[in-house]
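# Return a 3D structure for these sequence lines:
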Amino acid sequence: MSKVSPCLWYDGDAEEAANLYVSLLPDSRIETVQKNIVDCPAGKAGSVLVVYFTLAGQSFIALNGGTKMDYSYAASFSIDCTDQAEVDRLWDALLAGGGKEEQCGWLRDRFGVPWQIVPSAIRDYIGGPDVAGAGRAMQAMLGMVKLDIEALRRAYEGKAAA
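Numbers count the residues shown, from 1 in each chain. Here you go, the predicted structure:
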């Protein structure tokens, strides 16, 4: 387990959430599922209290805290995607079952957890050496929901949308 692990708060669906997350990325797995040993605000004896899991090599904790808590975009999880196919796959998987799309590559999964699904190439366009191109790419991104690598590239290069 990592020395520092994000702890995600759930209201009874920590194990379901952890199972979804580990199904999405390599080097991910459920480590331990800890059950409540007595009835408590987090659930009845025998129900899941804590799930320790690894997501892409990073340790996480999913806690069934007993009451619904809202997540804030002040803390979110960003996934660096190698290509558009990975952006599309993760976007669809995290939205499945009731997630909500946001602007500029952000979404909330069905548990309310905020994610950023970001192509690695964005650094080449938003942070590229061509200042005017970076500005065009930024403007293009601001008009997107799911990020589109090809559209960002065209914007950076000053080419019309296809």
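
# Excluding sequence neighbours, find me the nearest residue to residue 28.
The shortest distance from residue 28 to any non-neighbouring residue, by Cβ to Cβ, 6 or more residues apart in numbering, is to residue 22 (4.0 Å). All C-beta atoms are positioned from the backbone trio N, CA, C, and that covers glycine.

# Neighbours of that neighbour, how many?
Neighbour count of residue 22, defined by other Cβ atoms under 10 Å: 19.

# Likewise for residue 45?
The number of residues packed near residue 45 is 11, by other Cβ under 10 Å.

# Give me the residue at the spatial middle of the chain.
residue 115 (3.0 Å; Cα atoms, centre = their mean).

# that's a strand at that one, yeah?
Yes - assessed by DSSP: H, G, I helix; E, B strand; the rest coil, residue 115 belongs to a strand.

# roughly how far apart are it and residue 45?
As defined by Cβ to Cβ, to the nearest Å, residue 115 lies at a distance of 33 Å from residue 45.

# before we move on, what about residue 98?
Distance from residue 98 to residue 45, counting by Cβ to Cβ: 29 Å.

# Just give the nearest non-adjacent residue to the residue located most distally from the centre of the chain, would you?
Taking Cα atoms, centre = their mean, the residue of the chain most remote from its mean C-alpha position is residue 38, at 32.6 Å. Excluding the flanking residues, the one nearest residue 38 by Cβ to Cβ, 6+ apart is residue 45, at 5.3 Å.
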